[in-house]
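K.L.:
Sharing a model that was predicted from the sequence below.
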Amino acid sequence: MTIKTALKKSFSIKLIQQGFKYVNSLNGFLKIINEELVFYITFQLNPSIKKGCKAFMIYSGVLSIYCDDISREKLKMFSNDFAYWSYRFGKKSSCGSFGYDYNEYNIYDCIEVAIGETEEILIPALNDIYDLDSYINLRKLLRNVSPFFCADKFFNDSLALIKSNNHDDFSSILKAESTELKRLLSEKKSAEHTRNILIIYTMISNS
């Protein structure tokens, strides 16, 4: 069994219980909350600084359904690795800067440790995200607000700021635009929102 297969099989047992489903086209686990938020968990294989070992890193992130593109690349772009999640939430983990180190003898033990720490650190953090306001507050906590840049142009996930009316801290990137233009662009993004929902549910149903 390859490391990718082992990770998918082992994590599926726990993440499916949490409402996630593995989506082949995204190479990761997906969960939709209130038809507005998308939770994403995936893995990346890395080299290890330990002799005779390799490493795997867990990546996770949240985007709103109003993002201009729900794709594997966009989800990965706005995700954070597990080491960073642990650091920002003040939790200790076995995850190093390259991920969890493993070799052919302890691979399954390492996966079990990773699953346990995911349940302890990552899942509770994601479970606290239930609407656009809590999603925006999470990005503030993670100090990863890049999806909201160019908010006046509605690029990336910036429409979430307008939809939530939670943009006091982002006034510097909400450049002046006419009310009418914002309305027209918002209507355009609402159509893309409907399209994104259809795309995501199609991906899930086909997996």
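P.N.:
Thanks, I have the structure now. Remember, predicted model here, so these are calculated numbers, not experimental data. Numbers count the residues shown, from 1 in each chain.
K.L.:
Show me the beta-bridge partners of the nearest residue to residue 60 once chain neighbours are set aside.
P.N.:
Nearest residue to residue 60, sequence neighbours excluded (CB to CB, 6 or more residues apart in numbering): residue 41, at 4.7 Å. Glycine gets a C-beta too; all of them are placed from N, C-alpha and C. Under the criterion DSSP bridges, residue 41 forms beta bridges with residue 29, residue 60.
K.L.:
for residue 41, what are its contacts?
P.N.:
For residue 41, the contact set (CB atoms under 8 Å, 6 or more residues apart in numbering) comprises 11, 15, 20, 28-29, 58-60, 118, 122.
K.L.:
quick one: which of those is nearest to residue 86?
P.N.:
Closest to residue 86 out of the contacts of residue 41 is residue 122 (8.6 Å), distances taken as CB to CB.
K.L.:
Report how many residues lie close to that closest one.
P.N.:
Per other CB atoms under 10 Å, the neighbour tally for residue 122 reads 22.
K.L.:
can you tell me how far the residue lying closest to residue 110 once chain neighbours are set aside sits from residue 108?
P.N.:
Leaving aside its chain neighbours, residue 110 sits nearest to residue 102 (4.1 Å; criterion: CB to CB, 6+ apart). Distance of residue 102 to residue 108, given as CB to CB, to the nearest Å: 9 Å.
K.L.:
re earlier: so can I have TSV of the contacts of residue 41 showing distance to residue 142 and pLDDT?
P.N.:
Shown next, in TSV, are these (distance: CB to CB, whole Å; pLDDT from 0 to 100):
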residue	distance to residue 142	pLDDT
11	22	93
15	20	93
20	20	93
28	18	88
29	19	93
58	15	94
59	13	92
60	10	91
118	16	93
122	12	91
